[in-house]
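Trainee: Next come a sequence and a model predicted from it.
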Amino acid sequence: MESITISINRKNKAVTCQSKVSPVTFDGIEVYMFGDFYTEEGFPATEKDLFAIYTKFGIKTYDALDGIGTVIIYDRNIEKIFVFTDFFNSTIPVFYSTDAENIWISTDLFALSKCIKKCTLSLLSAIEFMFYAYMKSNRTLIKEIKKLGNRHYLEVDVKRCKVYHHKCQYDIPKLKETDYETYYKTFYECVRQSYTTDAAITLSGGFDTNLIMHCLQNIRKKKGIKTPIQAYCGGGEQGKDETGLAKQIAEFYGNIDMHTFRIGKDVLQHLPHIVYLLQGLSYERGCFMHYRLSQLFQKQGIKQVYTGDLADQVFCAETYAYSLNTLKRIIKMDLRGIKYAIKNSFDYYNFPFRSKYDIASLMLLKKSGQIWNHFGVKGIYPYTRKSFLQIHFSDQKG
């Protein structure tokens, strides 16, 4: 799994980095890239491109990022470290901790826990996790360790040995009403710019992955590629199973190698490893499916996968906003959660469905952010591209 742990010694201000990803340095500025980003022209971004974005936008770099992942910049010229994530703060988690001697930043909770002298279970976070499967704000299950919250970035002043957790003020340009032709063309470009012949696709029975497949088929036709696309879909022996619908879609398009599987109770044997991979950030029953899917990817040598993750959050911008219907859903879901909410604070009324950004983070952290990365698989997320987000979020603030 890609990871990085940075420590800053408070006495001598020395910065030490342990990482499986090597930085690229430009004019005294080190750039670490985790994930998949794109340039303004739509080409896959390199560390050099991210350096150019940082030199142009500075602390507003988060607003210029297009893609998904985490970027860490150590600017030796001003002795500051910045940590920026994508719009949804989704695939690569960021943790930080401080004590009298050091400051630590890491993308691996367990690596960070080994650095600090004391680890104490946070009872409040544990209660939230049991009720809602993840923690609000920047808390983790360990009191001494915080996480980078969604729609925030980190600024570490090395000289003063201080950590700042700033909120991102996104500025998404407003667009005029979009017709179908522009809508499809925009999404098609998002898929085309990320196209690679080696990538597979997770195919469900819904619209999101169907649209990706439609674009991929047109792209491949124009390129004259005749080799079949590797598509994957899993279902449960009991409960939800979209493998039948996925097979119908594959048959409709043709030239698709459809791989399906079903999971049963035997997958529970992997629960300890799944818990370890999720690092106490989130939990959702779909993690079992993605664990088995990741094993299949590893066995068949799949390194990149197109996914429709986050489509629901982009399409239904108000789905998770607070409303009376949301409150009704929570009541139906868990009366104990409502009692806890009333007892503690009104803010919990719209929690966990507090915002589309929180739910988006929850979804991806259990998939490509934690589980897929462990198996060496990189997700490709067309629905998170900036040009496509403009269509859906242009009438909203941050």
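Mentor: Noted; the coordinates are in hand.
Trainee: so for stretch 44-58, what's the average pLDDT?
Mentor: Stretch 44-58 carries an average pLDDT of 96.
Trainee: buried residues in stretch 181-197?
Mentor: Judged by neighbour count (16 or more other C-beta atoms under 10 Å), stretch 181-197 contains these buried residues: T186, F187, Y188, E189, C190, V191, R192, Q193, S194. C-beta here means a position set from N, CA and C on the backbone, and glycine is covered the same way.
Trainee: from memory the fourth one sits against Y38, does it?
Mentor: No. Using C-beta atoms under 8 Å as the test, E189 is too far from Y38 to be in contact (10.6 Å).
Trainee: For D208, which non-adjacent residue is closest in space?
Mentor: G308 (3.1 Å; C-beta to C-beta, 6 or more residues apart in numbering).
Trainee: ok so, going back, adding pLDDT, write the buried residues of stretch 181-197 out as TSV.
Mentor: Output for these, formatted as TSV (pLDDT from 0 to 100):
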residue	pLDDT
T186	92
F187	94
Y188	96
E189	96
C190	95
V191	96
R192	96
Q193	95
S194	93
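Trainee: what about I145, distance to I59?
Mentor: Counting by C-beta to C-beta, to the nearest Å, the separation of I145 from I59 is 24 Å.
Trainee: Settle it for me: which of those two has more neighbours?
Mentor: Neighbour totals were compared for I145 and I59, and I145 leads with 24 against 14 (other C-beta atoms under 10 Å).
Trainee: what sits against the residue lying closest to S368 once chain neighbours are set aside?
Mentor: Once flanking residues are discounted, S368 sits nearest to G379: 3.6 Å by C-beta to C-beta, 6+ apart. G379 makes contacts with D36, I68, T91, Q304, V305, Y306, T307, D309, L364, K367, S368, W372, as judged by C-beta atoms under 8 Å, 6 or more residues apart in numbering.
Trainee: wouldn't the third one be in contact with S368 here?
Mentor: Yes. At 5.3 Å, T91 and S368 qualify as touching, with contact defined as C-beta under 8 Å.
Trainee: which two in the contacts of G379 are spaced the farthest apart?
Mentor: The widest separation within these, taken as C-beta to C-beta, falls between Q304 and L364 and amounts to 15.8 Å.
Trainee: which among the contacts of G379 gets closest to I263?
Mentor: Closest to I263 out of those is K367 (15.1 Å), distances taken as C-beta to C-beta.
Trainee: thought the closest one was touching V305?
Mentor: No. Counting by C-beta under 8 Å, V305 is not a contact partner of K367; they are 10.0 Å apart.
Trainee: Between those two, which is the more surrounded one?
Mentor: Between K367 and V305, K367 has the larger neighbour count (other C-beta under 10 Å), namely 26 against 22.
Trainee: Neighbour count: Q304 and L364, which is higher?
Mentor: L364 (28 against 17).
Trainee: From T16, how far off is the more buried one?
Mentor: From L364 to T16 the distance is 29 Å (C-beta to C-beta).
Trainee: packing partners for the helix or strand where Q217 lies?
Mentor: In this structure, Q217 sits in helix 207-223 according to DSSP states H and E. Applying 3 or more C-beta pairs under 8 Å, 6 or more residues apart in numbering; DSSP states H and E, we find helix 207-223 packed against helix 180-193, strand 200-202, strand 229-236, helix 243-253, strand 304-306, helix 311-315.
Trainee: any weak-confidence spans in the stretch 1-150 of the chain?
Mentor: Low-confidence segments of the stretch 1-150 of the chain (pLDDT under 70): 1.
Trainee: all helices of it, in order?
Mentor: Using DSSP state H, counting those that start in this stretch, the helices of the stretch 1-150 of the chain run over 47-57, 61-64, 109-115, 123-132.
Trainee: burial of the closest residue to D66 other than its chain neighbours, as a residue count?
Mentor: Counting by C-beta to C-beta, 6+ apart, K386 is the residue found nearest to D66 once chain neighbours are left out, at 4.1 Å. K386 is flanked by 20 other residues according to other C-beta under 10 Å.
Trainee: I'd say K386 and Y62 touch.
Mentor: No. K386 is beyond contact range of Y62, at 11.7 Å (criterion: C-beta under 8 Å).
Trainee: residues touching I256, list them.
Mentor: Counted by C-beta under 8 Å, 6+ apart, I256 has contacts L203, M213, P228, I229, A231, A250.
Trainee: if I look at the closest residue to the fourth one other than its chain neighbours, how far off is K222?
Mentor: Same thing as I229. Nearest residue to I229, sequence neighbours excluded (C-beta to C-beta, 6+ apart): I256, at 5.1 Å. In this view, I256 and K222 are 17 Å apart by C-beta to C-beta.
Trainee: now M33
Mentor: Here the criterion is C-beta to C-beta. By it, M33 lies 30 Å from K222.
Trainee: So between these two, which is more surrounded?
Mentor: Neighbour count, other C-beta under 10 Å: between M33 and K222, M33 has more, with 23 against 9.
Trainee: right, and the more buried one touches E47 too?
Mentor: Yes. With contacts counted by C-beta under 8 Å, M33 reaches E47, the gap being 5.4 Å.
Trainee: Can you get me a residue count around the residue nearest to D208?
Mentor: With other C-beta under 10 Å as criterion, G308 counts 21.
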